[in-house]
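Peer 1: Take a look and give me a structure for this.
(2 chains)
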2 protein chains.
Amino acid sequence: MNNLLQHISRQQLDSFEQRYRAKLVNSLSGFKSANLIGTKCKAGIENLSIVSSVFHLGANPPLVGMINRPDTVRRDTLSNIKANQEFSINHVNAKIWQQAHQCSARYDKTISEFEAVGLKPQYINNFNCPFVHESEVKYGVSLIEIVDIKHNGTTMIVGEIQDIFVNEKALLDDGFIDIELLETIAVSSLDSYHLTTKLGRLAYAKPERAVTPLQGI
Amino acid sequence: MNNLLQHISRQQLDSFEQRYRAKLVNSLSGFKSANLIGTKCKAGIENLSIVSSVFHLGANPPLVGMINRPDTVRRDTLSNIKANQEFSINHVNAKIWQQAHQCSARYDKTISEFEAVGLKPQYINNFNCPFVHESEVKYGVSLIEIVDIKHNGTTMIVGEIQDIFVNEKALLDDGFIDIELLETIAVSSLDSYHLTTKLGRLAYAKPERAVTPLQGI
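Peer 2: The predicted model follows:
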């Protein structure tokens, strides 16, 4: 075993102070997406929350998943989604990463995070929830299912992607969106934000062929 | 509406050619983690698969989730996990990103991807599944639950984190693992790999305080 490797046993992990453990375990999954979730409550107040738990669930039908923990400020988001059955997902980019982080503060539910942090709500077509004007990849999502994860009281929201809005310069000929060009950011652990630098795109892997850079895009 | 924004309606999305749609929808969630999943089948053959769908589910108990689509090569991984009730998760870093991608080729199930792509299996303590020697953040996971997502036949694997192994130079005093220092990579869409550059870490956000860089780490 490599002698630079530090071993943390489960027993040690369970004995750590709560915030230490939270930062450690949140580091383990690797880099995460950074998205702002736009919703509206029944009384019409806009809500905006930052989440690092949006993930791809399928392309056909186009589905996304999102984890909601029972102990977070995202409770407003969850209750708004239940009430209105829809929400917007908006990429966080390098121009708004600090405002996006500030959306994680526990504002009173009568306060719109848009106003509090200085982001501009945007309404497009007939979609009832606000998008983030400053975001360059965003889409409207309708609620499909809420799945309870019994082991820790977490819920997974399953949503179906409807209308998509993307800065046209980033949409390549093969359907790939160059989110790095738009300075979409990545998150690690609970509080660290990162720009990216592309190593490369690789062609579909085949057993009989060595790794091949993607050609012709 | 910003005139650089291109609108893709759901109707258009559904009409796209399959691979175009897959690359587009896979771009929408934002940056993803890149992990290698180490398993072993009943006959003892090692299996290694690359996934971009590992996500944080909770710190106490320490849980991770992972999505398995019905139509991918990860079927070997899923059946091995069901058989042995455990698996390893290993961060992909910049030294092994191309070998990691090659693990997505549909090798025959009698072939070990470790051998095929040139990565070294590593056994630590009594854990029955192979780790990736070249990975600098890795941990053993025991299966907790398999959750079916009815809408598209996908399954979510819920696992509980047991022993953790991390390059000691990356474990900071507050529990944060500096995965960027270890050149852990991020993925976008189906085939694009990225290094990262830190913008910063931010302190816990509070309504009455402006955004504050994290101090003292």
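
Peer 1: Averaged over its residues, which helix or strand of chain A has the lowest pLDDT?
Peer 2: helix A:75-84 (a mean of 91; mean pLDDT, DSSP states H and E).

Peer 1: Would you indicate which residues of it are buried?
Peer 2: A:76-78, A:80-81, A:84 (16 or more other C-beta atoms under 10 Å in any protein chain shown). Any C-beta I mention is one placed from the backbone N, CA and C, and that applies to glycine too.

Peer 1: name the helices or strands packed onto that helix?
Peer 2: Helix A:75-84 is packed against strand A:35-40, strand A:46-51, strand A:62-68, strand A:86-91, strand A:137-149, strand A:154-167, with contacts defined by 3 or more C-beta pairs under 8 Å, 6 or more residues apart in numbering or on different chains; DSSP states H and E.

Peer 1: Could you list the buried residues of the fifth one?
Peer 2: When you say that, I think you mean strand A:137-149. So for strand A:137-149, counting by 16+ other C-beta under 10 Å, buried means A:137-141, A:144, A:147, A:149.

Peer 1: and what of the second one?
Peer 2: Within strand A:46-51, the residues that qualify as buried are A:46-51, counting by 16+ other C-beta under 10 Å.

Peer 1: These: which two are farthest apart?
Peer 2: A:Glu46 and A:Val51 (16.2 Å; C-beta to C-beta).

Peer 1: Roughly how far does A:Ser33 sit from B:Phe55?
Peer 2: Per C-beta to C-beta, to the nearest Å, A:Ser33 is found 9 Å from B:Phe55.

Peer 1: Those two: which has the busier surroundings?
Peer 2: Neighbours were counted for A:Ser33 and for B:Phe55 using other C-beta atoms under 10 Å in any protein chain shown; A:Ser33 has more, 29 against 25.

Peer 1: Quick one: residues contacting that one.
Peer 2: Contacts for A:Ser33 (C-beta atoms under 8 Å, 6 or more residues apart in numbering or on different chains) come out as A:52, A:54-55, A:91, A:186-187, B:29-32.

Peer 1: Nearest residue to it in space, please, no chain neighbours.
Peer 2: B:Gly30 (3.0 Å; C-beta to C-beta, 6 or more residues apart in numbering or on different chains).

Peer 1: what sits against that neighbour?
Peer 2: A:33-35, A:54, A:91-92, A:137, A:179, A:184, A:186, B:188 are the contacts of B:Gly30 under C-beta under 8 Å, 6+ apart.

Peer 1: What strand or helix carries it?
Peer 2: B:Gly30 belongs to no helix or strand when assigned by DSSP states H and E.

Peer 1: Could I get the pLDDT score of it?
Peer 2: With respect to pLDDT, B:Gly30 scores 98.

Peer 1: And A:Leu36, by the same measure?
Peer 2: 98.

Peer 1: Any idea what it is bridged to?
Peer 2: Beta-bridge pairing for A:Leu36 (DSSP bridges): A:Ile50, A:Asn90.

Peer 1: residues touching it, list them.
Peer 2: A:48-51, A:89-90, A:92, A:100, A:103, A:119, A:132, A:135.

Peer 1: repeat that with 6 Å
Peer 2: Counting by C-beta atoms under 6 Å, 6 or more residues apart in numbering or on different chains, A:Leu36 touches A:48, A:50, A:90, A:100, A:132.

Peer 1: Backbone torsions only: list them for the residue nearest to A:Ser33.
Peer 2: Phi and psi for B:Gly30, reported as degrees, to the nearest 10, are phi 100, psi -160.

Peer 1: From B:Ser189, how far off is it?
Peer 2: Taking C-beta to C-beta, one finds B:Gly30 at 10 Å from B:Ser189.

Peer 1: give me the low-pLDDT residue ranges for chain A?
Peer 2: A:1-3, A:71-74, A:217 (pLDDT under 70).

Peer 1: Next, format the contacts of B:Gly30 as JSON lines and append distance to A:Leu172.
Peer 2: Putting the contacts of B:Gly30 into JSON lines (distance: C-beta to C-beta, whole Å) gives the following:
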{"residue": "A:Ser33", "distance to A:Leu172": "19"}
{"residue": "A:Ala34", "distance to A:Leu172": "22"}
{"residue": "A:Asn35", "distance to A:Leu172": "21"}
{"residue": "A:Val54", "distance to A:Leu172": "22"}
{"residue": "A:His91", "distance to A:Leu172": "16"}
{"residue": "A:Val92", "distance to A:Leu172": "21"}
{"residue": "A:Val137", "distance to A:Leu172": "13"}
{"residue": "A:Ile179", "distance to A:Leu172": "11"}
{"residue": "A:Thr184", "distance to A:Leu172": "15"}
{"residue": "A:Ala186", "distance to A:Leu172": "20"}
{"residue": "B:Ser188", "distance to A:Leu172": "12"}
